[in-house]
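>>> Here you go, sequence then predicted model.
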Amino acid sequence: MTLDRPNLIQAITKIAREAGDKILTIYQQDFDVKTKSDASPVTEADVEAEKIILKGLNNLTPDIPVLAEESEAAGNVPDLSSGIFWLVDPLDGTKEFIHKRGEFTVNIALIEQGRPTMGVIHIPAKNQTYFAEGPGKVWRQDDGSEPQKIKARVAPDDGLVIVASRSHRTPETDDYIAKFKVKELISAGSSLKLCLLAEGKADLYPRFGRTMEWDIGAGQAILEAAGGTVETLDGSRLIYGKDGHDNPYFVAKGRP
């Protein structure tokens, strides 16, 4: 399949921002919180944002299937055998959303033959967007200003800036971090951790806890486009389209 990647990344960035606007509208009101079968929370914002994204992607690329978190939870799993599909988390960081911390994102990634090749992460509360078209073609755009190219950095000699999950930190994570010379430890929610690596503000993000493919697909596309890596504990590259869509533990790093 031949894709017009420059126009495609602009289109999915627009879709992510439209979903973000809807999320912000709900964020500023009272909303109910429900619990899914896996005990994770879900709100009206998750559902309404996903509707916007699914409609937008279907209009944009009707021949590319979409694997989206809330649809999958409802049992709507598309045929991914073609090797190319959209991967959507309409509201990553639902706990951050519920607790009004602002660290929640809209994530859209394109998966091709098991790898995330394009991605958008939009942060509604900041009106900030990260997007990657491919290797070396990755930007951050702040509140409607001109997009700025970003890149991951080589780890400095005076110690690492390490990011860890705000809501899902584990003892295994702390044990892993203890192996390194740490200059600063940052706690952050959602896929923002991968964005910090991609723009050279952090060096390492170990994840020793459960994640799903839609949690990090867009972030991996952005980080790898910026020169960083996402690998399993044995050094293998993280792949997508797995049965069940659970990820193994992984470590994300800046530029080698």
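Received the coordinates, thanks. Numbering: from 1, shown residues only.

>>> in the top helix by length along the chain, what's buried?
Secondary structure assigned by DSSP state H gives helix 5-27 as the longest helix of the chain. Buried residues in helix 5-27, counted by 16 or more other Cβ atoms under 10 Å: 9, 11-13, 15-20, 22-23, 26-27. C-beta: built from backbone N, CA, C; applies to glycine.

>>> Distance to A198 and pLDDT added to the residues you listed, as CSV?
Output for those, formatted as CSV (distance: Cβ to Cβ, whole Å; pLDDT from 0 to 100):
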residue, distance to A198, pLDDT
I9, 15, 98
A11, 21, 98
I12, 17, 98
T13, 15, 98
I15, 20, 98
A16, 16, 98
R17, 19, 98
E18, 23, 98
A19, 21, 98
G20, 19, 97
K22, 25, 97
I23, 22, 96
I26, 28, 95
Y27, 25, 94
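
>>> and of those residues, the nearest to K137?
I9 (8.2 Å; Cβ to Cβ).

>>> which residue packs closest to the closest one, ignoring adjacent ones?
Using Cβ to Cβ, 6 or more residues apart in numbering and skipping residues adjacent in sequence, the residue nearest I9 is E133, 4.4 Å away.

>>> State the three-state secondary structure for D89.
Assigned by DSSP: H, G, I helix; E, B strand; the rest coil, the conformation of D89 is strand.

>>> Quick check: it touching E69?
Yes. Assessed by Cβ atoms under 8 Å, D89 is found in contact with E69 at 5.1 Å.

>>> S145 - how many residues pack around it?
A count of nearby residues for S145, using other Cβ atoms under 10 Å, gives 10.

>>> that's a helix at it, yeah?
No. According to three-state DSSP, S145 belongs to no helix; its state is coil.

>>> Contacts only, for R17.
Residues in contact with R17 (Cβ atoms under 8 Å, 6 or more residues apart in numbering) are V106, H122, T129.
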